[in-house]
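Asks: fold the following for me, if possible:
(chains A and B)
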Protein chains: 2
Amino acid sequence: MDIQKEMIGMAKAAKKASLKLAVIESAVKNRALVNMSKALWAKRNYLVRENSKDIASARKQGHSKAMVDRLILSNKQIKEMANCLLATAKLKDPVGKVMKTFRRPNGLLIKKVRVPIGVIGIIYESRPNVTSDCIGLCLKSGNAAILKGGREALHSNKAIFTILRDVIRKTPIPRDAIQLVTATDHKAIDVLLGQDQYIDLIIPRGGEGLIKSVAGKSKIPVIKHYKGICHTYVSDKADTKMAKEICFNAKVQKPAVCNAMETMLVHKKIASRFLPAMIKDFQRAGVEIRGCPRTRSIVKNIRAATPKDWDTEYLDLILSVKVVDDTNEAISHINSHSSRHSDTIVTKNKKEADEFLKSVDSACLYVNASTRFTDGFQYGFGAEIGISTDKLHARGPMALEELTTYKYLVYGKGQVRR
Amino acid sequence: MDIQKEMIGMAKAAKKASLKLAVIESAVKNRALVNMSKALWAKRNYLVRENSKDIASARKQGHSKAMVDRLILSNKQIKEMANCLLATAKLKDPVGKVMKTFRRPNGLLIKKVRVPIGVIGIIYESRPNVTSDCIGLCLKSGNAAILKGGREALHSNKAIFTILRDVIRKTPIPRDAIQLVTATDHKAIDVLLGQDQYIDLIIPRGGEGLIKSVAGKSKIPVIKHYKGICHTYVSDKADTKMAKEICFNAKVQKPAVCNAMETMLVHKKIASRFLPAMIKDFQRAGVEIRGCPRTRSIVKNIRAATPKDWDTEYLDLILSVKVVDDTNEAISHINSHSSRHSDTIVTKNKKEADEFLKSVDSACLYVNASTRFTDGFQYGFGAEIGISTDKLHARGPMALEELTTYKYLVYGKGQVRR
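Replies: Below you'll find the model as predicted:
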């Protein structure tokens, strides 16, 4: 079939299904999620078999080990996927929640109520678990989902999708509430991104290249889960032992993720006391340091940071280090170079902390804690569809509530406008 | 100066100013708003003089009387603008409001706090009062504003802007927190819409053509204040006297606005009882009726509605009328043809009303009241920057709260991620 027709057909069907899904009761959605969880585990051998086709072809094409690792579905990953669906079933359904109620002088009663967004398109790479995680979150929040995974995981995604869709068929949930794009033609995405009549939101999940390309082409609103250039500022009023632990954790515990620290800022007053031991610790852990001139005058034999370093998300054991004159310089450096994801200050001074929290324009700001906590699970949201670096609709960790919008319900007794 | 350079310069300056404005206290902003209000009224003769240049040139160019009327700034309009600024000063400042506070098992204390969006670009047509209304709302909500008004109101907009900026200069608010684009080159807008690095949100205000063109070109998120194809559904369980009043009000009281009714749906059981008198009332008020076949078999000599009518925002004394079999058909017609703005059901049956409220996917849904109430002032928001027909970030009437986003502030005691 013609790819344009096929994609428009999917978008239309999703829209239709979304209107039905929006009014389906929590109990029905939860039962479906539990059965989906069971079905994934019951059919694990089939999943592993289908997954092995993707693995074989990735190896054949000479993909990196890291890339192949991300593709793997063993019993461990399947159990995790099943558990995620089960956990999602247990979360509170945001749909129908009354956010506000107010009465007007003319007697009109107005309720602001949470409703699903409608149809959500998810465009993602590699990890096949995204397929079931996103289906679970969209279903629970009452949204129809159109999924377009990477070509490298097509067999795995198809297998997961088939199992979940078979469960849906046995429920009152319309089957088109979840759909998987199996076309590998690149045009499929372009057509999808033009269906603003039917699709309400696009969430791209993957590398910077994917997100930029999707955001550039889309006629549909995109929430970008973008890069994290996260900072730790060690004030002269910091508990330096605490600062050392926080900085080390933020850089080393899992360097390949968006909430890892990329730049460390240190107040000039404590730089010569703090930096030598700290940098030694980093170097022992295999971290390459790129320093500003003042850093390099304190610790010898480290590479010079170039202007580009302050704007780079390394996602690796590399750290840029800058000595600053004061908190104002730290704030201004962060507001100029941060990706508005997560930044932290280490200080014992409350006034200084408040100044930092007020002035830095990022989704998640910390005092005396590691940036690594920016994460839906760590925030207690029970799940996560991503971490928004946009400022509209949702910021920071996004979970069920962020997958809803609202409508106003107005109850009258015949009121007309005078 | 080169227009590209000029616009990028404005966007950069706005970004810088927005970071300062975000932390300015309510009292300072309120004092500025009060002084702006006073200054507009004090300089009313200057405003009227500058406005007369726009009026003269609009007349010379043969613009319609309606268009010229929208341009006029007499003492009456200036008083309204001044009052709007004063009212905005009295509204509660949303910035800094703690939306949620929660503590995690590891001791982290998380606060979700309202903050300004940042820099807002407003692109609008005709009415010069938009200049001061939007400056007031943006300033109060802590956002820097870049305004681009229509060429036809340039003298008026410049005069208003000059007065307001002179007030700003005498306050701690950075002067670039408000900026007016005076270039008439169309390229100015194109360049502005590409500055996603500095501008966080675009709000176009004007006709469908303007909004479509802005949304099509923008790299920055746009909240669309789009057309209103609003419906009234008269159920067979309606109080027909009430229904008549609501329908008449929704169509006739102010037909040129987005929350006026464009299509009336009537249950088949009451159609022959309800329609003749209702349509006679409409015709007496000068409303042209376009009916479905069943409507035309009940009331003779009315024009036939074409498929296009169901999707048309008349903004005029024209109404399309359709007889439906039941509430389901009404809901499905609305979900297919409504612009998701405002729709109402007239019924005495609570269950039916709930079904309608649950199933219709629009920003504002009414039971037994006129759609004409969709309006920030009528909802008690004290002001309005528009009515969003989008589903992300904000839906329906948008005021101060909708001009904010949030950030998470996380207070730790040295917590690191294990």
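
Asks: contacts only, for the residue nearest to A:Pro221 when sequence neighbours are not counted.
Replies: Excluding the flanking residues, the one nearest A:Pro221 by C-beta to C-beta, 6 or more residues apart in numbering or on different chains is B:Leu392, at 4.9 Å. Just so you know, the C-beta spots here come from the backbone N, C-alpha and C atoms, and that holds for glycine as well. B:Leu392 sits next to A:117, A:200-201, A:221, A:223, A:392-393, A:405 when contact means C-beta atoms under 8 Å, 6 or more residues apart in numbering or on different chains.

Asks: longest single strand anywhere in chain A?
Replies: Using DSSP state E to define each element, chain A has its longest strand at strand A:404-415.

Asks: mind saving the C-alpha coords of that strand as PDB?
Replies: Extracted in PDB, the C-alpha atoms of strand A:404-415 (Å, rounded to 0.1, in the frame of the first residue of the first chain):
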ATOM      1  CA  THR A 404      -2.900  14.700  30.100                       C
ATOM      2  CA  THR A 405      -4.400  18.100  29.400                       C
ATOM      3  CA  TYR A 406      -7.600  19.500  30.800                       C
ATOM      4  CA  LYS A 407     -11.000  20.800  29.800                       C
ATOM      5  CA  TYR A 408     -13.400  23.200  31.500                       C
ATOM      6  CA  LEU A 409     -16.900  21.800  32.300                       C
ATOM      7  CA  VAL A 410     -19.400  24.600  33.000                       C
ATOM      8  CA  TYR A 411     -22.700  23.900  34.600                       C
ATOM      9  CA  GLY A 412     -25.500  26.400  34.100                       C
ATOM     10  CA  LYS A 413     -29.200  26.900  34.700                       C
ATOM     11  CA  GLY A 414     -29.900  28.700  31.500                       C
ATOM     12  CA  GLN A 415     -27.400  31.600  31.800                       C
END
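
Asks: who does that strand pair up with?
Replies: strand A:109-116 (antiparallel), strand B:364-369 (parallel) (DSSP bridges).

Asks: and the ones you listed as a markdown table, adding distance to A:Arg49?
Replies: Formatted as a markdown table, the strands paired with strand A:404-415 follow (distance: least, C-beta to C-beta, whole Å):
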| stretch | distance to A:Arg49 |
| --- | --- |
| strand A:109-116 | 35 |
| strand B:364-369 | 49 |
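
Asks: need the three-state assignment for the residue nearest to A:Pro221.
Replies: Secondary structure state of B:Leu392, per DSSP: H, G, I helix; E, B strand; the rest coil, is coil.

Asks: check A:Leu73 too.
Replies: coil.

Asks: ramachandran angles for the nearest residue to it once chain neighbours are set aside?
Replies: Closest residue to A:Leu73 apart from its sequence neighbours, by C-beta to C-beta, 6+ apart: A:Asn51 at 3.9 Å. With angles defined as degrees, to the nearest 10, A:Asn51 sits at phi -60, psi -40.

Asks: so what's A:Asn51 up against?
Replies: Counting by C-beta under 8 Å, 6+ apart, A:Asn51 has contacts A:71-73, A:128, A:155-156, A:159.

Asks: now those: which count as buried?
Replies: Listed as buried from the contacts of A:Asn51 are A:71-73, A:128, A:155-156, A:159; burial here means 16 or more other C-beta atoms under 10 Å in any protein chain shown.

Asks: got a markdown table for those residues, with distance to B:Ala145 too?
Replies: Shown next, in a markdown table, are the buried ones among the contacts of A:Asn51 (distance: C-beta to C-beta, whole Å):
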| residue | distance to B:Ala145 |
| --- | --- |
| A:Leu71 | 48 |
| A:Ile72 | 51 |
| A:Leu73 | 51 |
| A:Pro128 | 46 |
| A:His155 | 52 |
| A:Ser156 | 49 |
| A:Ala159 | 52 |
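
Asks: still on that earlier bit, could you identify the most distant pair in the contacts of A:Asn51?
Replies: Spanning the widest gap among the contacts of A:Asn51 are A:Ile72 and A:Ala159, at 13.7 Å by C-beta to C-beta.

Asks: all helices of chain A, in order?
Replies: For chain A, the helices defined by DSSP state H occupy A:3-21, A:26-42, A:44-60, A:65-71, A:75-90, A:129-140, A:154-169, A:187-192, A:208-217, A:240-252, A:268-284, A:293-298, A:327-337, A:350-359.

Asks: buried deepest among these, which one?
Replies: Highest mean neighbour count of the helices of chain A: helix A:129-140, a mean of 25 (counted as mean count of other C-beta atoms under 10 Å in any protein chain shown).

Asks: other SSEs contacting that helix?
Replies: helix A:26-42, helix A:75-90, strand A:119-124, strand A:144-148, helix A:154-169, strand A:178-180 (3 or more C-beta pairs under 8 Å, 6 or more residues apart in numbering or on different chains; DSSP states H and E).

Asks: closest one to B:Glu80 among those?
Replies: strand A:119-124 (41.3 Å).

Asks: quick check: residues of the stretch 151-300 of chain A near chain B?
Replies: A:200-201, A:216, A:219, A:221, A:223, A:239, A:242, A:245-246, A:248-250, A:253-254 (C-beta under 8 Å from any C-beta of the partner chain).

Asks: among those, which pair sits farthest apart?
Replies: So, those by C-beta to C-beta: farthest apart are A:Lys219 and A:Asp239, at 50.6 Å.

Asks: the more surrounded of those two?
Replies: Neighbour totals were compared for A:Lys219 and A:Asp239, and A:Asp239 leads with 17 against 14 (other C-beta atoms under 10 Å in any protein chain shown).

Asks: surely the more buried one touches B:Gly414?
Replies: Yes. Under the criterion of C-beta atoms under 8 Å, A:Asp239 makes contact with B:Gly414 at 7.3 Å.

Asks: find residues that contact each of these two.
Replies: With C-beta under 8 Å, 6+ apart, A:Asp239 and B:Gly414 have common neighbours A:Asn368.

Asks: how about stretch A:372-381, does it get close to chain B?
Replies: Yes. Residues of stretch A:372-381 contacting chain B under C-beta under 8 Å from any C-beta: A:372-373, A:378-380.

Asks: where's the dip in pLDDT among the residues you listed?
Replies: Ranked by pLDDT, the residues of stretch A:372-381 next to chain B bottom out at A:Gly380 (91).

Asks: so what's the backbone phi/psi at it?
Replies: According to degrees, to the nearest 10, A:Gly380 has phi 80, psi 20.

Asks: count of neighbours near the closest residue to it other than its chain neighbours?
Replies: Spatial nearest neighbour of A:Gly380, excluding adjacent residues (C-beta to C-beta, 6+ apart): B:Arg104 at 5.8 Å. By other C-beta under 10 Å, 15 other residues sit near B:Arg104.

Asks: show me the domain layout of chain A.
Replies: Listed by automatic domain parsing, the domain ranges of chain A are A:3-226+A:395-411, A:230-373.
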